[in-house]
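Enquirer: here you go, sequence then predicted model.
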Amino acid sequence: MSIPPRVLHVGLRGAFPAAGTPGRPPVVLLPAFPLTARMWASLERGLAARGITAHGFDYPGFGTTPMWPGVEPTIDAIADAAVATLRGGIGAAAAHWVGCSMGGYVALAIAQRHPDAVAGLGLLDTRSAADDDAKRAARLEAARSIEGEEGFPDPRAAAEGLIGVEGQGRKAAVDEAEAIIAATLPAAAAWGQRAMAGRPDRTGVLEAFRGPSVVAWGSLDSVTSRDDSDRMARALGSRTVVIDGAGHLSPLEAPQAVAAALANLFERP
């Protein structure tokens, strides 16, 4: 089944704004699972203050994007739709793709399948390796178990597991993540789990990439490891930027630090 253009919605604005500063590619923000483009709100404000146009995309069944009936759940399908949205909806030929967790998987698929659409890569709290057999089986079981639920099970616990920041800012970060996760449709979560379970190792994509790139990792991330980030950075010929005191959702927890880490990506002339 072919996927029509504009199947991903721009979740932060709910519309398709202008492509951005002439001669400068826009930034596209690809969220973590099981969140929406809303997770990028604070980072987007920081980018706007720097004169950077950013667009947050929602995955099928998440936020403002409807489910895709009959479409096989794959990261590749999301990648193809993201490029179609960029070009057909926003009107830009290429973008800096910034992905957190699942968003990194999508960004890597775009770099492999549509290299001419990639001006730069920002990879946050993600990995280029495929799931091992145990992780793949766990994702498929999670997909199976959630499909019959009326809502996302225990969104508070899910948020607590993703947020690493401690102290005064923890409750606000957990509350924000919980609110986004609570709105997640079980069918969308199952689709996303199956898409992630089937993705290949794309470390070789990074080894071949020649554009600007940033790899960043929250020092309190309990989902991906420093080794995961260092593996990607080595493939790109760079180093991991560590976001101190942040967990798996570093752009939600520490947006200013993440914006500073990304500066080498989107502030190049």
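Expert: Done, it's in.
Enquirer: where's the residue nearest in space to the middle of the chain, which helix or strand?
Expert: Within the chain, one residue has its C-alpha closest to the average C-alpha position: by C-alpha atoms, centre = their mean, that is residue 103, at 2.2 Å. When secondary structure is defined using DSSP states H and E, the element that contains residue 103 is helix 102-113.
Enquirer: all strands of the stretch 101-250 of the chain, in order?
Expert: For the stretch 101-250 of the chain, applying DSSP state E, counting those that start in this stretch gives strands covering 118-124, 213-218, 240-243.
Enquirer: what sits up against the next helix-or-strand element following the last one?
Expert: The C-terminal neighbour of strand 240-243 among helices and strands, as given by DSSP H and E, is helix 250-253. Contacts of helix 250-253 from elsewhere in the structure, counted by C-beta atoms under 8 Å, 6 or more residues apart in numbering, are 29, 39-40, 42-43, 100, 124-125, 163-165, 169, 173, 176-177, 216-218, 221, 243, 245-247, 257-258. Placement of C-beta: from N, CA and C, glycine included.
Enquirer: and the buried ones among these, selectable in ChimeraX?
Expert: With 16 or more other C-beta atoms under 10 Å as the criterion, this ChimeraX line picks the buried residues out of the contacts of helix 250-253:
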select :29,39,40,42,43,100,124,125,163,164,165,173,176,177,216,217,218,221,243,245,246,247,257,258
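Enquirer: returning to that earlier point: closest to residue 75 out of the strands of the stretch 101-250 of the chain?
Expert: strand 118-124 (14.0 Å; C-beta to C-beta).
Enquirer: what angle sits between that closest one and helix 102-113?
Expert: In terms of direction (axes from the mean of the first three to the mean of the last three C-alpha atoms, to 10 degrees), strand 118-124 departs from helix 102-113 by 150 degrees.
Enquirer: which helices and strands does strand 118-124 pack with?
Expert: The contact analysis (3 or more C-beta pairs under 8 Å, 6 or more residues apart in numbering; DSSP states H and E) places strand 118-124 against strand 95-100, helix 102-113, strand 213-218, helix 226-236, helix 255-266.
Enquirer: relative to strand 95-100, how tilted is that strand?
Expert: Put simply, strand 118-124 runs at 10 degrees to strand 95-100, going by the same axes, to 10 degrees.
Enquirer: what lies in contact with strand 118-124?
Expert: Outside of strand 118-124, the residues within contact range by C-beta under 8 Å, 6+ apart are 25, 27, 94-101, 103-104, 107-108, 110-111, 206, 209, 211-217, 229, 232, 236, 250-251, 258, 262, 265-266, 268.
Enquirer: please convert the buried members of the residues you listed into ChimeraX selection syntax.
Expert: With 16+ other C-beta under 10 Å as the criterion, this ChimeraX line picks the buried residues out of the contacts of strand 118-124:
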select :25,27,94,95,96,97,98,99,100,101,103,104,107,108,110,111,206,209,212,213,214,215,216,217,229,232,236,250,251,258,262,265,266
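Enquirer: flag the shaky bits of the protein, pLDDT-wise.
Expert: 1-7, 10-23, 267-269 (pLDDT under 70).
Enquirer: what's the burial count for residue 151?
Expert: Residues lying near residue 151 (other C-beta atoms under 10 Å) number 13.
Enquirer: correct me, but it touches residue 188?
Expert: No: at 11.6 Å, residue 151 does not count as touching residue 188 under the criterion of C-beta atoms under 8 Å.
Enquirer: quick one: common contacting residues for these two?
Expert: Counting by C-beta under 8 Å, 6+ apart, residue 151 and residue 188 have no contacts in common.
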